[in-house]
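**Student:** Please find the sequence and the predicted model below.
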Amino acid sequence: MNQNLAFADYAVFIIYFIVVSAYGYSVYRKRKQDEHDAKAYFLAEGNLTWWAIGASLIASNISAEQFIGMSGEGFFLGIAVAAYEWLAAVALIIVAVWFIPVYLKNKIYTMPQFLKTRYNESTALIMAVFWLFLYVFVNLTSILYLGAVAINGLAGGQYLHVIMIGLAVFALFISLGGMKVVAYTDVIQVAVLIIGGLVTSYIALTTVGSAFGVGENAIAGFKVLMREAPEHFKMIIPRPTATSSQLEIDKYLTFPGLMSYLAGIWIINLNYWGCNQYITQRALGADLQTARTGILFAGMLKLLMPLIVMLPGIAAYVLYQNGELPQLVGGKDGAYSAILTFLPTGLKGLSVAALTAAIVASLAGKVNSISTIYTLDVHKKYIQKEAGEKQQVNIGRIAVFAAMLLAVLFTWNDILGIGGVGGFTYIQKYTGFISPGVFAMFFLGMFWKRTTGTAAIVGVILGFVLSVLFNEYAPALFGNDTLLYTAYPNGKGAFEIPFHICMGLSFFFTMLAMIGISFAGPKVNPKAFEIDSEMFKVKPQTTVLIVITLLIIVALYVKFW
């Protein structure tokens, strides 16, 4: 195993950098005549193709926390963590069929605009400011830090800050051109991401096969994984008993079996894919059929992601148990980097390019969404109301630069402690507390006309408070006698309720409160959206895509139940 990059690896990476940069610049030049048009800059002129929308969704979603964090969970949990990806495909179907029509019919371009149109300006401003802080200080910082750490480890471990600046500058170069440049360069990024990820998984499987004497054969290697780690190929983590080991308890706390499927994982996915500016912005400028097809295309690509981001973790687990891997640096999150050390010269550069593509695409997409929310929902409304098209574009570019600069400064010496808890945990911790309230607010706002603005504000605040209560205080209050589906010792003398269950409980009680408050309000809400059945009808070709996706998911669950 060679942990350093050779000349051929750098050559592959440089070629990737040149191709993406040149293509991005060519896209920018083609739309240069419209560079001062705000819709062109923020929403790609409303004419993205379905394949660009789908590819951009995946490129923005898959980043360092997926490569590193999901592979680490594959090492720890096994295939159960694939539920995040496979059920995301179902969530994308729901968003394509039911959420996007509501946005497009009401000409919604940003999530705060949705809240203002449906509820009131106070709700929109509160959430706009919240999203800006969340995107800059949680998402951008964690993506940048995790990505720089991962690439730095492969490059010799001495270039963390140089790599951090390089990633930020590369993402800035792409994002300053606007959404169209971001979306179309994402097509290349996704191609590199998938090819590089599949190559890494293939090498991991052949390495396993070679280590266990069945030859350098990927299929034989996969069979070895199933034989040597059968517990890693179960979708449902069993509920612990009084005789369960601490490892079994920790696994259940991370992914509490069937309880995850009752609420928690659906809240995570539907909130992320349907109520998130960072994601929905790709489709908001397109027509309905194009948007739907692009989102469903992303759903089909999602089915591949466990093969790319999770399978290397299981391979690392089997190799580690067999003594083929040294001590993992950083615990389970070191699984992906450990697998990369098996790659031959050249292919290692391709895998680093894939990792970089994921990081840069996510950074570019995130700062583009930050600039859109800041410019359209804060600056234009409250600071410079008379700003013209050219001024809005310039403000957006300044916001892009400022957001990236803040992210670099706050990750320079790991000020936020991302490295201490792990990037994946860091993101889940600070976004998961608000997800129940935000999703309840959007869901009721779309599909129940009577929901009021007061109920929306109460829902966001109550959802957060309940999340804190169930995660931090309920375990100590109830101990292991609680009726909250059980809390188990976490090895430190305290008790802990699984995170997914906490989310489900927060969402349930938040919905009850919002419904009760809305019933106490007016029976007719003038700000309610008009919903009709025609909005949700799908064309035959769309139905075919949905059926194929669902059949694949059912087959996977039947295989690995």
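**Tutor:** It's in.
**Student:** Identify the residues contacting the most centrally placed residue in the chain.
**Tutor:** With distances taken as CA atoms, centre = their mean, residue 61 lies nearest the centre of the chain, 4.2 Å away. Residue 61 sits next to 279, 362 when contact means CB atoms under 8 Å, 6 or more residues apart in numbering. The C-beta positions use only the backbone N, C-alpha and C, and glycine is treated the same way.
**Student:** Quick check: pLDDT value at it.
**Tutor:** In this model, residue 61 is scored at 80, pLDDT.
**Student:** Begin at 800 from now on, thanks
**Tutor:** Right, with 800 as the first residue, what we last looked at is residue 860.
**Student:** Need the phi and psi values for it.
**Tutor:** Phi and psi for residue 860, reported as degrees, to the nearest 10, are phi -80, psi -50.
**Student:** so what's residue 1156 up against?
**Tutor:** Residues in contact with residue 1156 (CB under 8 Å, 6+ apart) are 815, 819, 858, 987-989, 991-992, 995.
**Student:** taking those one by one, which sit in strands?
**Tutor:** Using DSSP state E, no member of the contacts of residue 1156 sits in strands.
**Student:** can you redo those as a markdown table with distance to residue 1178 and neighbour count?
**Tutor:** Supplementary listing: the contacts of residue 1156 in a markdown table, determined by distance: CB to CB, whole Å; neighbours: other CB atoms under 10 Å:
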| residue | distance to residue 1178 | neighbour count |
| --- | --- | --- |
| 815 | 35 | 21 |
| 819 | 30 | 23 |
| 858 | 27 | 31 |
| 987 | 32 | 18 |
| 988 | 29 | 31 |
| 989 | 31 | 26 |
| 991 | 35 | 23 |
| 992 | 33 | 30 |
| 995 | 38 | 27 |
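**Student:** Neighbours of residue 1010, how many?
**Tutor:** Neighbours of residue 1010 under the rule other CB atoms under 10 Å: 18.
**Student:** how close does it sit to residue 822?
**Tutor:** According to CB to CB, to the nearest Å, residue 1010 and residue 822 sit 40 Å apart.
**Student:** now swap in residue 898 and tell me
**Tutor:** Taking CB to CB, one finds residue 898 at 31 Å from residue 822.
**Student:** Equivalent analysis for residue 1315, please.
**Tutor:** According to CB to CB, residue 1315 stands 53 Å off from residue 822.
**Student:** quick one, which of these two is more surrounded?
**Tutor:** residue 822 (16 against 11).
**Student:** Three-state assignment for the more buried one, please.
**Tutor:** Here residue 822 is recorded as helix under DSSP: H, G, I helix; E, B strand; the rest coil.
**Student:** Next, the contact list for residue 1099, please.
**Tutor:** So residue 1099 contacts 888, 1344, 1347-1348 (CB under 8 Å, 6+ apart).
**Student:** Most neighbours out of the residues you listed, which is it?
**Tutor:** residue 888 (23 neighbours).
**Student:** Which helix or strand contains it?
**Tutor:** Taking DSSP states H and E as the definition, residue 888 sits inside helix 882-893.
**Student:** Residue 1138 too?
**Tutor:** In the assignment (DSSP H and E), residue 1138 maps to helix 1134-1139.
**Student:** circling back: and the residue nearest to the centre of the chain, how close does it get to residue 884?
**Tutor:** According to CB to CB, residue 860 and residue 884 sit 10 Å apart.
**Student:** What helix or strand is residue 1200 located in?
**Tutor:** Using DSSP H and E, residue 1200 falls in helix 1188-1210.
**Student:** just checking, what packs against that helix?
**Tutor:** helix 837-842, helix 940-953, helix 959-974, helix 1146-1172 (3 or more CB pairs under 8 Å, 6 or more residues apart in numbering; DSSP states H and E).
**Student:** buried ones in that helix?
**Tutor:** Neighbour-count burial for helix 1188-1210, counted by 16 or more other CB atoms under 10 Å, picks out 1190-1192, 1194-1196, 1198-1199, 1202-1203, 1206-1207, 1209-1210.
**Student:** Of those residues, which is the nearest to residue 927?
**Tutor:** Of all those, residue 1198 has the smallest distance to residue 927: 12.4 Å, by CB to CB.
**Student:** Apart from its chain neighbours, what residue comes closest to that closest one?
**Tutor:** Spatial nearest neighbour of residue 1198, excluding adjacent residues (CB to CB, 6 or more residues apart in numbering): residue 1170 at 4.0 Å.
**Student:** before we move on, what about residue 1014?
**Tutor:** Leaving aside its sequence neighbours, residue 1014 sits nearest to residue 1008 (CB to CB, 6+ apart; 5.6 Å).
**Student:** Just give me the neighbour total for that neighbour.
**Tutor:** Count around residue 1008 with other CB under 10 Å applied: 21.
**Student:** Does it touch residue 1015 like I think?
**Tutor:** Yes: between residue 1008 and residue 1015 a contact is recorded at 5.8 Å, counting by CB atoms under 8 Å.
**Student:** Now do the helices in the stretch 1200-1349 of the chain.
**Tutor:** Secondary structure of the stretch 1200-1349 of the chain (DSSP state H, counting those that start in this stretch): helices located at 1217-1220, 1222-1231, 1234-1246, 1252-1267, 1273-1277, 1298-1318, 1339-1359.
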